[in-house]
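Asker: Sharing a sequence plus its predicted fold:
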Amino acid sequence: MLNMEANAKLKLIGVVEDTDGEKGKIHVFSEFCAGLKRIENFSHIIVLYWAHQRDDPEQRKVLLVYPRRHAEHVQTGVFACRSPSRPNPIGLCVVELVKVEGCNLTVKGLDAFENTPIIDIKPYLPRADSIPNARVPRWTSRGPST
């Protein structure tokens, strides 16, 4: 049997350098900078990051939460919401790509903190990433974008 844990290794590709509530700056490490070629052709990107402030044994045990910032108080499994407390504290955010300068991306709508490690960046593709008639629970329809 394959030892998946031995093969599951992450390479952090960058870090959040600055956030001011509206705009943020992501610095991609120089060894990965070539991977940004033509990213400026996209208006939006998907940022995967490591929620390092929730990376401790207690937070990794959390399986049930009450999602914050929503009007309804509904206990939910971590795999049915976007809580940063989870077995692997991976965050996901769709952001507007404002500017590309070398290895630095200025983005709008980033929900990660300064010094947050970046795991990956992917282009947002409406044909693949937007499902117009997707079914979601009622409690997700109110509250801030995530």
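Answerer: All right, it came through fine.
Asker: Confirm that R60 sits in a strand.
Answerer: No - assigned with DSSP: H, G, I helix; E, B strand; the rest coil, R60 falls outside any strand and is helix.
Asker: Verify the stated contact: E96 with V47.
Answerer: No - at 11.1 Å, E96 and V47 do not qualify as touching, with contact defined as Cβ atoms under 8 Å. Where C-beta positions appear, they are placed from N, C-alpha and C, glycine not excepted.
Asker: tell me the contacts of the most centrally placed residue in the chain?
Answerer: The centroid of the chain falls nearest to L92 when counting by Cα atoms, centre = their mean (2.0 Å). By Cβ atoms under 8 Å, 6 or more residues apart in numbering, the contact set of L92 is I46, V47, L48, Y49, R82.
Asker: now swap in F113 and tell me
Answerer: By Cβ under 8 Å, 6+ apart, the contact set of F113 is V16, T19, Q53.
Asker: 10 Å instead, please
Answerer: V16, T19, G24, Y49, A51, H52, Q53, G91 (Cβ atoms under 10 Å, 6 or more residues apart in numbering).
Asker: mind listing the strands for this structure?
Answerer: 14-19, 23-28, 44-50, 64-65, 76-77, 90-101, 104-108, 117-123 (DSSP state E).
Asker: So which of E96 and V47 has more stuff around it?
Answerer: Neighbour totals were compared for E96 and V47, and V47 leads with 27 against 15 (other Cβ atoms under 10 Å).
Asker: Quick check: bridge partners of the more buried one?
Answerer: C93, I121 (DSSP bridges).
Asker: tell me the contacts of it?
Answerer: Here V47 is in contact with 14, 16, 24, 26, 91-95, 97, 105, 107, 109-112, 116, 118-122, 124 (Cβ under 10 Å, 6+ apart).
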